[in-house]
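*Asks:* Sequence first, then the predicted structure, then my questions.
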Protein chains: 2
Amino acid sequence: MRAARRRTAPRKRVEESPRQAILDAACELFADRGFHGTAVPLVAELAGVGAGTVYRYFDSKEALVNALYQFWKERFGRTLMDGFPFQAPVRDQFRFFWQKIDEFARKHSRAFAFLELHHHSAYLDAKSRRLEIEILGPIKAFIEDAQRSGVLKELPAELVMALVYGAFVGLVRASWAGYLALTPEVLDAAEASVWDAIRR
Amino acid sequence: MRAARRRTAPRKRVEESPRQAILDAACELFADRGFHGTAVPLVAELAGVGAGTVYRYFDSKEALVNALYQFWKERFGRTLMDGFPFQAPVRDQFRFFWQKIDEFARKHSRAFAFLELHHHSAYLDAKSRRLEIEILGPIKAFIEDAQRSGVLKELPAELVMALVYGAFVGLVRASWAGYLALTPEVLDAAEASVWDAIRR
DNA sequence: AGCCGCGGAATGAACGTTCATTCCGCGAGG
DNA sequence: CCTCGCGGAATGAACGTTCATTCCGCGGCT
């Protein structure tokens, strides 16, 4: 029998493209051990490619971490805005955001951990930083709209975002630490509490 | 002319003990660049001691980061509990906590950043992890007391802690990112909002 | 004078990165 | 339909660098 198919995948992935396999492996390792704590050859091994192959797809380790950051940050931003119920009441719009954040953190928990850990790191480039602000834009607009219609407290939009997202991250971290199980009931109760924080 | 005076401090600190100078330098560098991103000789240089001297006071780089973590985590815990107004209304007790967290984050901003960044890292040892739980204990008791007296929502105490502390960290991170200035007015407004999240 | 403790060059391991080489699918020629 | 050889992707040993850690000579104190 000939070994015609699958000339690749000696160790793990690479069913997908080598580039994606490298991004996936890097996400897993960077999320666990951090950027400086992860050796490039280890990324390559987990991806099922040779060490040199990493440099065929990315100019450097820094370029890799930035590509990964941008890949997931953009997906996160899209998750938040796709299907946003522009016509619904503010209360429902807030629930929508909360559930979308939860959905992302659940479906892509490694990526969420990676994004959290690499938030504003020194090795993130200008494009990575710009992306963050672009994502915040529509959310800021939502908050200011809701304030104009008298539903939310009149606080700086940046403060509202920091409180809400910070609270969510606090939950996720508590669950990582094993202090708290993020059951649907807990998530709902948290959502209701955070709503109380920002509603007028 | 003899170089009799100042055998130490060729570059910076060491007015204090060498051990403390090393801890201070490590705090600054670990907070900025992370554990793996910081070279031990760099810590030594900033502390104003030789590279070998670091190993006179700490067995290894890991021992250093754990000593540093424990040093500041314990101080943070003490800051929260020292002078706690056991007889005051819950509303005032909550404000006390909030202000103490703020006081710590302001007075020891590097240490706060360090503690945040090294939260639950792989190189933290059992003692470092135990310390975290010990600090949470009295706060959990406060929350459950306040729930029994009907002032706070009946949520798992761990959820309340995660929301409140997470929200605060969200604020601090937003200010680090330059999105928000943590003026007394902003801090007060945030405190009031977070109180609304947890009060019944 | 002797000793203690420090400094910083020395050390070997591990890192990010490179590059000479191998590998493989494909199309041309038989 | 098979064979051959081309081109580009992948490889991983090897390179120079940087790291954590060690070690030893020097200088200040008693």
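*Replies:* Received, thanks. Keep in mind it's a predicted model, so treat the numbers as computed, not measured.

*Asks:* Please make it C-alpha for all contacts and neighbour counts, starting now.
*Replies:* Noted.

*Asks:* the strands in chain A, which residues?
*Replies:* With DSSP state E, there are no strands along chain A.

*Asks:* And the helices in it, which stretches?
*Replies:* For chain A, helices defined by DSSP state H occupy the ranges A:18-33, A:40-47, A:51-57, A:61-81, A:90-107, A:109-118, A:126-148, A:157-176, A:184-198.

*Asks:* now for the longest one, which elements pack on it?
*Replies:* Counting contacts by 3 or more CA pairs under 8 Å, 6 or more residues apart in numbering or on different chains; DSSP states H and E, helix A:126-148 is packed against helix A:61-81, helix A:157-176.

*Asks:* can you tell me how far the residue in chain A that DNA strand C sits nearest to sits from residue A:61?
*Replies:* Across chain A, no residue is closer to DNA strand C than residue A:39, which sits at 3.0 Å (CA to the nearest atom of the strand). Distance, residue A:39 to residue A:61, using CA to CA, to the nearest Å: 9 Å.

*Asks:* neighbour count winner among the two?
*Replies:* Each of residue A:39 and residue A:61 has its neighbours counted (other CA atoms under 10 Å in any protein chain shown); residue A:61 has more, 18 against 14.

*Asks:* Which pLDDT value belongs to the more buried one?
*Replies:* Note for residue A:61: predicted pLDDT of 97.

*Asks:* most packed of the helices and strands packed on helix A:126-148?
*Replies:* Highest mean neighbour count among those (mean count of other CA atoms under 10 Å in any protein chain shown): helix A:157-176, with a mean of 23.

*Asks:* residue contacts, residue A:86?
*Replies:* Residue A:86 makes contacts with residue A:93, as judged by CA atoms under 8 Å, 6 or more residues apart in numbering or on different chains.

*Asks:* any idea how far it lies from DNA strand D?
*Replies:* 43 Å (CA to the nearest atom of the strand, to the nearest Å).

*Asks:* Phi, psi for that residue please.
*Replies:* Torsion angles at residue A:86 (phi, psi; degrees, to the nearest 10) stand at phi -60, psi -30.

*Asks:* list the contacts for the nearest residue to residue A:53 once chain neighbours are set aside?
*Replies:* Among residues not flanking residue A:53 along the chain, residue A:44 sits closest, at 7.6 Å (CA to CA, 6 or more residues apart in numbering or on different chains). Residues near residue A:44 by CA under 8 Å, 6+ apart: A:22, A:25, A:50, A:51, A:53, A:54.

*Asks:* Which pLDDT value does the model give the second one?
*Replies:* Residue A:25 is assigned a predicted lDDT (pLDDT) of 96.

*Asks:* In this structure it contacts residue A:47, no?
*Replies:* Yes: using CA atoms under 8 Å, residue A:25 is in contact with residue A:47, at 5.3 Å.

*Asks:* who's in contact with the closest residue to residue A:46 other than its chain neighbours?
*Replies:* Residue nearest to residue A:46 in three dimensions, not counting chain neighbours: residue A:25, with 5.7 Å by CA to CA, 6+ apart. Residues near residue A:25 by CA under 8 Å, 6+ apart: A:43, A:44, A:46, A:47.

*Asks:* re the thing from before, okay, the helices and strands packed on helix A:126-148 in TSV with distance to residue B:166 next?
*Replies:* Below are the helices and strands packed on helix A:126-148 laid out as TSV (distance: least, CA to CA, whole Å):
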stretch	distance to residue B:166
helix A:61-81	20
helix A:157-176	4
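
*Asks:* Looking at the residue nearest to residue A:53 now. What's its pLDDT?
*Replies:* Listed pLDDT for residue A:44 reads 96.

*Asks:* Report how many residues lie close to the closest residue in space to residue A:33 that isn't next to it in sequence.
*Replies:* Nearest non-adjacent residue to residue A:33, counting by CA to CA, 6+ apart: residue B:122, 7.3 Å away. A count of neighbours around residue B:122, defined by other CA under 10 Å, yields 10.

*Asks:* OK, contacts around the spatially most central residue of chain A?
*Replies:* Nearest to the geometric centre of chain A sits residue A:112, at 3.8 Å (CA atoms, centre = their mean). Going by CA under 8 Å, 6+ apart, residue A:112 touches A:104, A:105.

*Asks:* again, 10 Å this time
*Replies:* Going by CA atoms under 10 Å, 6 or more residues apart in numbering or on different chains, residue A:112 touches A:27, A:31, A:72, A:73, A:76, A:101, A:104, A:105, A:106, A:169, A:172.

*Asks:* now swap in residue A:156 and tell me
*Replies:* A:140, A:143, A:144, A:147, B:180, B:186, B:189.

*Asks:* Look up how far residue A:149 lies from it.
*Replies:* 15 Å.

*Asks:* next one: residue A:68
*Replies:* Distance, residue A:68 to residue A:149, by CA to CA: 38 Å.

*Asks:* cool, and residue A:54?
*Replies:* For residue A:54, the distance to residue A:149 - CA to CA - is 51 Å.

*Asks:* from memory residue A:190 sits against residue B:158, does it?
*Replies:* No: using CA atoms under 10 Å as the test, residue A:190 is too far from residue B:158 to be in contact (11.2 Å).

*Asks:* Need the residues touching each of those two.
*Replies:* residue A:171.

*Asks:* which residues of chain A score low on pLDDT?
*Replies:* Along chain A, the parts satisfying pLDDT under 70 run over A:1-15.

*Asks:* run the last query once more with 90
*Replies:* A:1-17 (pLDDT under 90).

*Asks:* DNA strand D contacts on that one?
*Replies:* Remark: the part of chain A in contact with DNA strand D comprises A:8, A:18, A:48, A:49, A:50, A:51, A:52, A:53, A:56, using CA under 7 Å from any atom of the strand.

*Asks:* check contacts around residue A:41.
*Replies:* A:47, A:49, A:50, A:51, A:52, A:53, A:54.

*Asks:* Going by neighbour count, which of these comes out on top?
*Replies:* Taking other CA under 10 Å as the neighbour criterion, residue A:47 ranks highest of these with 26 neighbours.

*Asks:* measure that one to chain B for me?
*Replies:* To chain B, residue A:47 is 22 Å away according to CA to the nearest CA, to the nearest Å.
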